[in-house]
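# okay, predicted coordinates and the sequence, questions at the end:
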Amino acid sequence: MILAMVTVMTMAPHDHGQGKHGNPDDLSSYLARMEDPARDEWQKPAEVIKALELKSGQIVCEIGAGPGYFTKPLARAVGADGNVLAVDVEPRILDALRERLKKAGIANVSPVLGQPDDPLIPRKSCDLILIVDTYHHFPNGVAYLKRLSASLKPGGRIVNIDFHKRELPVGPPPEHKIARDEFVSQAKAAGLKIVSEQTFLPHQYFLVLAP
């Protein structure tokens, strides 16, 4: 699958240590935080992947892929016949992702340089779109969700995992978070409905949505 690559000044999809455009000032420390083994204790990646119920051969889009914390297990879950569209808005982070994928011998991932308001993924192409700790960065959440919906195959799902809006030992400060109820309202405004919800994450809500 050939995907457009567009170089833009953008804001990074994660938190802390960011410049005026939201891009991480210290890339190495940012990548280290994203890949800190201690993150597994609260992010529970294996349980998240299991809950997504992915099948071999599916196409998954990951919004805010970063250096590949979820990208690699997603790629393994969909198998060699599947594909992961790993979207990020920071070119340097995508370079780091490519390096990690090469070292891991993973060939079924397509890194995509997106824009703040458009992931630049094909229409009607995805079985599942995953957003983790990233939604609160979108300049217009409702419009972005509508754009993501257009990239779903019939029966496709959007999954949003983000921090509860309260003081937590991890994640951004409360003023930078989107509360669960606020997100649900925005999702409804975008024409999406909640089809299921997982509650095993200690600091985040986990909502599965469909048009």
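Right, received. Where do you want to start?
# can you tell me the closest non-neighbouring residue to the residue of the chain most remote from its centre?
Relative to the centre of the chain, and counting by CA atoms, centre = their mean, the farthest-placed residue is Glu167 at 22.2 Å. Nearest in space to Glu167, with sequence neighbours left out and distances taken as CB to CB, 6 or more residues apart in numbering, is Pro174 at 6.2 Å. Using the backbone N, CA and C atoms, a C-beta is placed for each residue, glycine as well.
# what about the nearest residue to Thr199 once chain neighbours are set aside, helix or strand, and which?
In this structure, Thr199 finds its nearest non-sequential neighbour in Phe206, 7.3 Å apart by CB to CB, 6+ apart. Per DSSP states H and E: Phe206 is located in strand 204-210.
# for that strand, which strands pair with it and how are they oriented?
According to DSSP bridges, strand 204-210 has the following sheet partners: strand 152-163 (antiparallel), strand 193-198 (antiparallel).
# per-residue confidence averaged over that strand?
Averaging pLDDT along strand 204-210 gives 98.
# give me whichever of the strands paired with strand 204-210 is most buried.
strand 152-163 (a mean of 20; mean count of other CB atoms under 10 Å).
# show me what that strand is in contact with.
Residues from elsewhere that reach strand 152-163, judged by CB atoms under 8 Å, 6 or more residues apart in numbering: 48, 52, 59, 124-136, 145, 148-149, 170-172, 177-178, 183, 187, 192, 195, 201, 203-211.
# which among the residues you listed end up buried?
48, 52, 59, 125-136, 145, 148-149, 170-172, 177-178, 183, 187, 192, 201, 204-209, 211 (16 or more other CB atoms under 10 Å).
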